[in-house]
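Participant: How does the following fold in three dimensions:
(one chain, ligands or ions: 1)
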Amino acid sequence: MGYPHKPHPKETVLLSRYFGEADARTYKGWVKRGGYAALEQARAMEPARVVDIVKESGLRGRGGAGFPTGLKWSFMPKEKKKPHYLCVNADESEPGTFKDREIMRWTPHALLEGTAIAAHAIQAEVAYIYIRGEFTEPLAIMDKALTDARSAGVFGNLKIHLHRGAGAYICGEETALMNSIEGKRGNPRIKPPFPAAAGVFGMPTTINNVETLAAVPHILTKGAAWYKGLSLASPKSTGTKLFSVCGHVQHPANYEVTMGFPLKDLVYELCGGMRPGRTLKACIPGGSSVPILDRAETESCLLDYEGVVERGSMLGSGGVIVFDDSTDMVYQIMRLARFYAHESCAQCTQCREGTAWTTKILERILAGQGKTADLDLLLDLSENMTGKTICVLSDSCAAPVVSGIKKFRSEFEDYIAGRRKPVMVA
Ligand SMILES: Cc1cc2nc3c(=O)[nH]c(=O)nc-3n(C[C@H](O)[C@H](O)[C@H](O)COP(=O)(O)O)c2cc1C
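Facilitator: Below you'll find the predicted structure:
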């Protein structure tokens with residue numbers, strides 16, 4: 001299957017409609033496709049009206065937490081006493097997630113348009129687009145698009161800066177990102193104060209994910225009621241969502257579906273199912289930071305904020321990692337824990353020590369030197385890592401460990417009892 005793939009009939013292509021069309025990247029090509037009309041429409045309205053429209057649409061943040069976007073915008077001070085800032089989170093470092101990259105690669109003007117509309121709504125005069133450092137190609141495409149649209153006078157007085165990250169996962173956390181923009185070490189800040197009160201440079205700030213902002217022009221042109229109508233299950237989850245599917249499926253790719261779409265159909269129909277001769281074992285539905293689903297949970301899960309929670313996990317950033325029956329779950333969980341240990345900013349003891357010890361214990365189990373008490377120790381550690389730190393990186397390490405032990409305990413026990421050959425984990 002080529003890339004980008006031809007949309008499956010069950011997809012609802014809104015943000016990904018022009019993926020693969022090089023002409024859509026150009027300023028002229030974007031305008032030809034109706035681009036920047038939504039910005040004009042928004043600029044003709046009072047900022048508060050734009051906020052209300054986005055509120056009515058039900059749009060929720062696509063960066064992980066699912067916070068209602070219009071409500072977040074409404075937290076910005078109404079009276080403008082200080083400069084207002086908008087930060088765009090294009091850091092996208094969550095393992096398993098690769099959709100913001102594609103939005104920037106194929107439709108850079110969609111993001112720029114959404115950014116300018118949001119800036120108008122929150123009365124910001126400066127917007128920073130913080131792009132993951134490794135995204136060299138998307139950065140070059142965004143840079144060209146920004147230069148062209150700026151020359152065409154699209155942004156008026158709004159200043160948009162592209163800010164390149166330096167490869168730290170933690171800089172995707174909103175307040176770490178703001179510190180990073182300020183030239184400081186990317187450590188998350190204690191909240192409150194929340195960004196709307198004191199964000200980047202201590203000024204009122206709103207931060208949104210790339211996919212969130214790319215959806216905004218559609219809401220303006222087609223209307224809040226239309227967007228709200230894009231919902232297959234829960235009225236609290238509206239619009240379309242890009243799911244980055246990777247792992248043991250036949251056609252890993254980004255798929256755009258309406259909220260509430262069955263995960264089973266995404267895996268078996270859109271992605272072509274498992275590799276020949278293999279069966280589904282487990283799935284992480286929302287990027288590596290969320291609990292693992294077993295086969296039954298995967299096959300009965302609806303992909304929206306409520307549906308995934310009902311199955312005991314979270315929609316997160318929409319990175320769907322699929323595991324077939326050949327997967328060593330203990331090894332996979334160790335690899336995830338190792339990632340978090342490497343990426344912890346080390347400010348909070350529970351995170352710094354917890355992620356490191358979780359990794360060590362999992363490595364010990366895989367090496368055939370685990371003890372029965374290690375499983376309780378891991379669960380105890382995870383409990384102390386959940387809900388106790390400045391940001392949720394620590395919780396993100398604990399989630400796959402706790403769900404993994406709960407659902408695949410016998411695999412851990414096999415290593416501990418010597419029934420499974422030790423694995424070298426260098
Ligand atoms: C450790 C960590 C990493 C994060 N990485 C990202 C990221 O790469 N991209 C992103 O949009 N949000 C990321 N987030 C979530 C942001 O803190 C924030 O919730 C999001 O940018 C808000 O935008 P939204 O409301 O449009 O979703 C991360 C959060 C944490 C705790």
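
Participant: who's residue 249 bridged to?
Facilitator: Following DSSP bridges, residue 249 is listed with bridge partners residue 274.

Participant: That one against residue 274, yeah?
Facilitator: Yes. In terms of Cβ atoms under 8 Å, residue 249 counts as a neighbour of residue 274; the distance is 6.7 Å. C-beta coordinates here come from the backbone N, C-alpha and C atoms, glycine included.

Participant: So is the helix or strand containing residue 322 next to the ligand?
Facilitator: Element membership for residue 322, per DSSP states H and E: strand 319-324. No. Taking Cβ under 6 Å from any ligand atom as the criterion, strand 319-324 and the ligand are apart, separated by no less than 10.5 Å.

Participant: what's the helix or strand that comes right after that strand in contact with?
Facilitator: On the C-terminal side of strand 319-324, the nearest following helix or strand under DSSP H and E is helix 329-343. For helix 329-343, contacts defined as Cβ atoms under 8 Å, 6 or more residues apart in numbering pick out 93, 95, 168-170, 281-282, 288, 292, 323, 355-356, 358-359, 362-363, 365-366, 393-394, 396-397, 400-401, 404, 408, 411-412, 415, 423, 425.

Participant: any residues in contact with both of residue 249 and residue 274?
Facilitator: Listed contacts common to residue 249 and residue 274 are residue 322; contacts here mean Cβ under 8 Å, 6+ apart.

Participant: measure residue 52 to the ligand for me?
Facilitator: Counting by Cβ to the nearest ligand atom, to the nearest Å, the gap between residue 52 and the ligand amounts to 18 Å.

Participant: Pull out the buried positions in stretch 55-68.
Facilitator: When burial is assessed from 16 or more other Cβ atoms under 10 Å, stretch 55-68 yields the following buried residues: 55-66, 68.

Participant: What mean pLDDT does the longest helix seen in the chain get?
Facilitator: Across the chain, the helix with the greatest residue count (assigned by DSSP state H) is helix 393-416. For helix 393-416, mean pLDDT rounds to 97.

Participant: Close to the ligand: what parts of this structure are there?
Facilitator: Close to the ligand, as judged by Cβ under 6 Å from any ligand atom, the chain has residues 61-65, 67, 89, 91-94, 170, 172-174, 207-209, 212, 391-393.

Participant: Give me the buried subset of those.
Facilitator: Neighbour-count burial (16+ other Cβ under 10 Å) is assigned, among the residues of the chain next to the ligand, to 61-65, 89, 91-94, 170, 172-174, 207-209, 212, 391-393.

Participant: Keep only those of these that are in helices.
Facilitator: Applying DSSP H to these, the entries found in helices are 174, 212, 393.

Participant: Could I get the contacting residues of the second one?
Facilitator: Read it as residue 212. When contacts are counted by Cβ under 8 Å, 6+ apart, residue 212 is found next to 59-63, 69, 114.

Participant: so what pLDDT did it get?
Facilitator: Residue 212 is assigned 98 on the pLDDT scale.

Participant: Quick check on whichever residue of the stretch 1-150 of the chain sits closest to the ligand: phi, psi?
Facilitator: Scanning the stretch 1-150 of the chain for the residue nearest the ligand gives residue 61, at 2.2 Å (criterion: Cβ to the nearest ligand atom). Here is the backbone geometry of residue 61 (degrees, to the nearest 10): phi -60, psi 130.
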